[in-house]
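J.: Model the following, please.
(one chain, ligands or ions: 1)
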Amino acid sequence: MQFKDLATYFETIEQTSSRLVITETLGKLFKKLHADDIGKAIYLLQGRVAPLYEKIEFGMAEKMVINSIVMAMQLEKVAFVKDYQTIGDLGKAVEKYKNEVKALEERDPTINQVYKELHDIATAGGPGSQDIKVRALAHLIREIDPLSARYLVRIPTGTMRLGFSDMTILDALSWMLHGDKSSRPAIEKAYHVRPDLGFIAETLKTKGVEGMEQVKPHIYTPILMMRAERLASTEDIIKKLGECIVESKYDGFRLQMHYSRKKNEVRLYSRNLEEVAYMYPDLVEGIRKEAIADDLIIEGEAIGFDPHAGTFLPFQETVQRKRKHGIEEKAKEIPLKLFAFELLYADGVSYIQTPFKDRRKKLEKVIKRTGDIFKDTIIVAQENLVSDPKKLEIMFDDAISKGLEGIVAKKMDGVYQPGARGWNWIKFKRSYSSKIEDTIDCLIMGYDFGKGKRVDFGIGAFLVGIYDEKEDKFCTVAKIGTGLTDDEWRKLRDECNKYKSHTQPALYSVDKAMSVDAWVKPAIVVEIKADELTRSSVHTAGRVMKASKSGSAFDVDVPGYALRFPRLQKFRTDKRPEDVTTLHEVEKMFKDQKH
Ligand code: ATP
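T.: As a prediction, the model looks like this:
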């Protein structure tokens, strides 16, 4: 397919706010594409030249892209920049000039050609590479038509964001096969093991939906991480799991380690699948020395270690290791240890379907250990077999007294459930005085400019929501206007402004009463603590409207869920928008709440 045709789909999608129409449009597009260009088209739809977890960035500031534009059409830079500022959108500005300056060189390239050139631009490095990037992009801009140019420049500037999620693409892939969503579960299951939409789409094109069953873990493709359910008492845990394996809940940050001896390369993925090995040279060295396998994927929690006292550090200190500068010095000051608790893949064999007790045994065999805490970097998390709630209680108190977060109980024969929050793992944390025993991770959906003193900050309240996984929608649970320090307000405003949107994103379900001055695209996840979950007719999480659908709060059949006294705890940069608390979880928390 030609890139020009793809651009017309970009335009249709950009103009629609209905998720269903977006899904069908994508489905039609996917049907037309071939196995050799569907993967690339999907990356381009996401404004990328690789899957989201691959760290390929363009390294082109907006200024450089402007240089490419003026070079391509030999424009007067000052005049172009002025015009661009009035239009307010670089894509539309370049399109306008392309329409005016008709170039002879337009040659209607294919998706594959544009993809390859963009990929070359993104991966160009070393001295003089900035100049090469500017020239190469100028060359491309010259060759394509005005509408294509509008979307092309949004790729290196990171402003493509067409407003759909990976989940919409999964639905559209099913739609491509049968014109409905019936294959979405099978496709999604494979995607959780290998979240590379390009690869998934190519496999569907060549092998059909049967090909999804053969999708196995792949070194250097992060597997979506399994998550834990929660229960409020040790009795309930034993009732649910029977005899189970219990581990401490370490309070650090989760990492998935991928290692290939042949390539001698270690990659570390955080919860949101970001590749972060460069931050943790000590862990990289540790796995190289301590792995007893040629290929390995393991998971664990990284915790700071005090090399003088031989003790572990609290989260606030461990988290100092998440940094982009001064990495080596900090690594000496706060070395990390990884408490490994999962083995997912070793020497060509996938372990995700292996019962947990056997996975654990194998995990112990693939890590070399001296037993000396000062020497070992990878420590296999200590396990205990428990079948008595009282014993579980004692273990929990013991964990708390050691400054840990609590415990995680694991089903003996439970499989690893990629991307799912399942009952094979149950977490039990210290209960708080408030009625909700856990925090809620929310997406920031928009904000109000603020009144009084807040006018200076440009933000006075922000709207947050949770994820309705069945509808693939973000639904509101609170508008928060208090409890932040001045610095937090400023930080929040700067973050929000990075993702500002002029229109309400297609995935948002918001009542008119909760409308905001500025919308924020799905990007920023925050952890919110609240006193209680209540019901509210103006929040859309779990809300059911009467059939009349006039859209007013008086037409509410079942009210939604809302947070009482919500407070911002922290920014969860390790989570993606789809990782926020789900409606299903909120419903459960509401039921479990102590009334
Ligand atoms: P929380 O805020 O409770 O950590 P979360 O949403 O970040 O919740 P959950 O899946 O609910 O993540 O809780 C499990 C998390 O606990 C894992 O992501 C992991 O980082 C951490 N953890 C610590 N120790 C263990 C362990 N032994 N087994 C599994 N997870 C553990």
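J.: give me the low-pLDDT residue ranges for this structure?
T.: 103-104, 401, 430-436, 453, 547-554, 594-595 (pLDDT under 70).
J.: what residues does the stretch 451-595 of the chain put near the ligand?
T.: Selection of the stretch 451-595 of the chain residues close to the ligand by CB under 6 Å from any ligand atom yields an empty set. In this view, the C-beta of every residue, glycine as well, is placed from N, C-alpha and C.
J.: no, scratch that, I was asking about the stretch 151-300 of the chain
T.: Counting by CB under 6 Å from any ligand atom, the residues of the stretch 151-300 of the chain near the ligand are 227-228, 247, 249-250, 254.
J.: Save those as TSV, and put in distance to residue 94, secondary structure and neighbour count too.
T.: Below are those laid out as TSV (distance: CB to CB, whole Å; DSSP: H, G, I helix; E, B strand; the rest coil; neighbours: other CB atoms under 10 Å):
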residue	distance to residue 94	secondary structure	neighbour count
227	43	strand	17
228	48	strand	18
247	55	strand	21
249	51	strand	21
250	50	coil	25
254	41	strand	18
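J.: right, and residue 357 touches residue 412 too?
T.: Yes - between residue 357 and residue 412 there is a contact under CB atoms under 8 Å: 4.9 Å.
J.: what residues do these two have in common as contacts?
T.: Shared contacts of residue 357 and residue 412 (CB atoms under 8 Å, 6 or more residues apart in numbering): residue 245.
J.: List the buried residues of the helix or strand hosting residue 487.
T.: Take DSSP states H and E as the rule and residue 487 turns out to sit in helix 486-498. Using 16 or more other CB atoms under 10 Å as the burial criterion, the residues of helix 486-498 that qualify are 489, 492-493, 495-496.
J.: With stretch 337-356 instead?
T.: Neighbour-count burial for stretch 337-356, counted by 16+ other CB under 10 Å, picks out 337-346, 350-352, 354, 356.
J.: Quick check: the gap between residue 335 and residue 375.
T.: Residue 335 is 11 Å from residue 375, where distance means CB to CB, to the nearest Å.
J.: Counting neighbours, go ahead and name the busier of those two.
T.: Taking other CB atoms under 10 Å, residue 335 and residue 375 do not tie; residue 335 has more neighbours (19 against 10).
J.: was I right about the more buried one contacting residue 305?
T.: Yes - between residue 335 and residue 305 there is a contact at 5.3 Å, judged by CB under 8 Å.
J.: residues near residue 418, how many?
T.: Neighbours of residue 418 under the rule other CB under 10 Å: 20.
J.: Check the buried residues of stretch 337-356 one by one and keep those near the ligand.
T.: Residues of the buried residues of stretch 337-356 in contact with the ligand (CB under 6 Å from any ligand atom): residue 341.
J.: Residues of the stretch 301-450 of the chain that sit close to the ligand?
T.: So far as CB under 6 Å from any ligand atom goes, the stretch 301-450 of the chain lies against the ligand at 301, 341, 381, 408, 427.
J.: Run through the residues that contact the third one.
T.: Taking CB under 8 Å, 6+ apart as the contact definition, residue 381 lies against 247-248, 250, 300-301, 339-341.
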